[in-house]
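[1] What follows is a predicted structure for the sequence shown.
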Amino acid sequence: MKSTCVIIPCFNEESRLDVDAFLTFDAFEILLVNDGSEDYTKWILHDLAIKNRRISNLQLDKNVGKAEAIRQGVLFLKGKFETIGYLDADLSTSLQEMERLIEIHKTSTYKIVMGSRLKIAGSQINRYWWRHFSGRLIATVIDSIFLKAGIYDTQCGAKIINGKTAQELFKTPFETKWLFDVELLLRLKKSSKNNSLNELVKEVPLSRWVDDGDSRISFKDVLKLPLSFYKIYKRYL
């Protein structure tokens, strides 16, 4: 069984994909998933897979959203990796930071190790204030109602998961597109009845995280939050 593969969903990324970063990195396997892009993303990913032997690509015919694109990536890997991760295409969390999370996961018994955009002394967390404020508000609601585990940042797009666990957690489609990270944690909690989330999940403050300002979360998505919360509550609680 191979070691680690990090899945990166890509939708219309031709203007912000850091090609050089991908071409020069070889610490772990990367699966780039083209989520039905309408620009030249498809061809960029294809070219990266040719030039870097540690990169492969999966082409989806239509846009299915981040949650389903990652799920399709997990299914595509067919349990061949001991560890599976996922990461945002803009590399706001760098590939080097992911390597650090992977090493932490390898030396622990946690099922999931997740990055956290917690601004502490020595860290470089550059995030627009309104996104930080809205993110904290949503995270507080999520943890107080659904998780109750003191998790600071469910929505950080950098997570490392035990391979077998990932196959189980991503087996079926998610109810929501944007809050699927919350569903993932609730699925983990349900599958491990004798363990609390604090025993299964470790949050690691990131050393560096850069907000590129190009949020894929629209105002329409924000308006759908109450419905998303309801769907999660109905299915998991």
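    Alright, I've got the coordinates.

[2] any chance you could map the helices in this structure?
    19-23, 41-51, 66-77, 95-106, 129-142, 163-169, 180-191, 197-200, 219-223, 225-236 (DSSP state H).

[3] Next, format the ones you listed as TSV and append mean neighbour count, distance to residue 120 and mean pLDDT.
    Where C-beta positions appear, they are placed from N, C-alpha and C, glycine not excepted. Listed next are these as TSV, based on neighbours: other C-beta atoms under 10 Å; distance: least, C-beta to C-beta, whole Å; pLDDT from 0 to 100:
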stretch	mean neighbour count	distance to residue 120	mean pLDDT
helix 19-23	13	25	97
helix 41-51	17	34	97
helix 66-77	21	27	98
helix 95-106	18	15	97
helix 129-142	14	14	72
helix 163-169	20	28	97
helix 180-191	21	22	95
helix 197-200	16	20	94
helix 219-223	10	28	70
helix 225-236	14	28	91
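
[4] Let me have the ones you listed in TSV, adding distance to residue 152 as columns.
    Below are the helices of the chain laid out as TSV (distance: least, C-beta to C-beta, whole Å):
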stretch	distance to residue 152
helix 19-23	27
helix 41-51	32
helix 66-77	21
helix 95-106	15
helix 129-142	7
helix 163-169	21
helix 180-191	13
helix 197-200	12
helix 219-223	20
helix 225-236	19
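
[5] gap between residue 156 and residue 208?
    Distance of residue 156 to residue 208, given as C-beta to C-beta, to the nearest Å: 13 Å.

[6] Find the nearest non-adjacent residue to residue 154, please.
    residue 181 (5.0 Å; C-beta to C-beta, 6 or more residues apart in numbering).

[7] for this structure, what's the longest strand?
    Criterion DSSP state E: the longest strand present in the chain is strand 2-10.

[8] Within its local environment, how many residues does the residue nearest to residue 104 when sequence neighbours are not counted see?
    Nearest residue to residue 104 in three dimensions, chain neighbours excluded: residue 113, at 5.4 Å (C-beta to C-beta, 6+ apart). Residues within reach of residue 113, counting by other C-beta atoms under 10 Å, total 24.

[9] same deal with the one 10 residues further on?
    Other residues near residue 123 number 14, with proximity taken as other C-beta under 10 Å.

[10] Tell me how many other residues crowd the nearest residue to it once chain neighbours are set aside.
    Leaving out its chain neighbours, the residue that sits closest to residue 123 by C-beta to C-beta, 6+ apart is residue 207, at 5.6 Å. If you count neighbours by other C-beta under 10 Å, residue 207 ends up with 16.

[11] for residue 207, what are its contacts?
    97, 100, 122-124 (C-beta atoms under 8 Å, 6 or more residues apart in numbering).

[12] between the residues you listed, which is nearest residue 21?
    residue 97 (11.9 Å; C-beta to C-beta).

[13] Which residues are in contact with that closest one?
    Counted by C-beta under 8 Å, 6+ apart, residue 97 has contacts 115, 158, 206-209.

[14] swap the cut-off to 10 Å and go again
    Applying C-beta atoms under 10 Å, 6 or more residues apart in numbering, we find residue 97 in contact with 87, 91, 115, 158, 204, 206-209.

[15] Farthest pair within the residues you listed?
    91 and 204, at 17.2 Å, using C-beta to C-beta across the contacts of residue 97.

[16] isn't residue 99 right up against residue 83?
    No - using C-beta atoms under 10 Å, residue 99 is not in contact with residue 83, being 11.7 Å away.

[17] Give me the common contacts of these two.
    4, 6, 28.

[18] Dump those into JSON lines; add pLDDT, neighbour count and distance to residue 167 as well.
    Shown next, in JSON lines, are those (pLDDT from 0 to 100; neighbours: other C-beta atoms under 10 Å; distance: C-beta to C-beta, whole Å):
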{"residue": "4", "pLDDT": "97", "neighbour count": "21", "distance to residue 167": "15"}
{"residue": "6", "pLDDT": "98", "neighbour count": "25", "distance to residue 167": "16"}
{"residue": "28", "pLDDT": "97", "neighbour count": "19", "distance to residue 167": "18"}
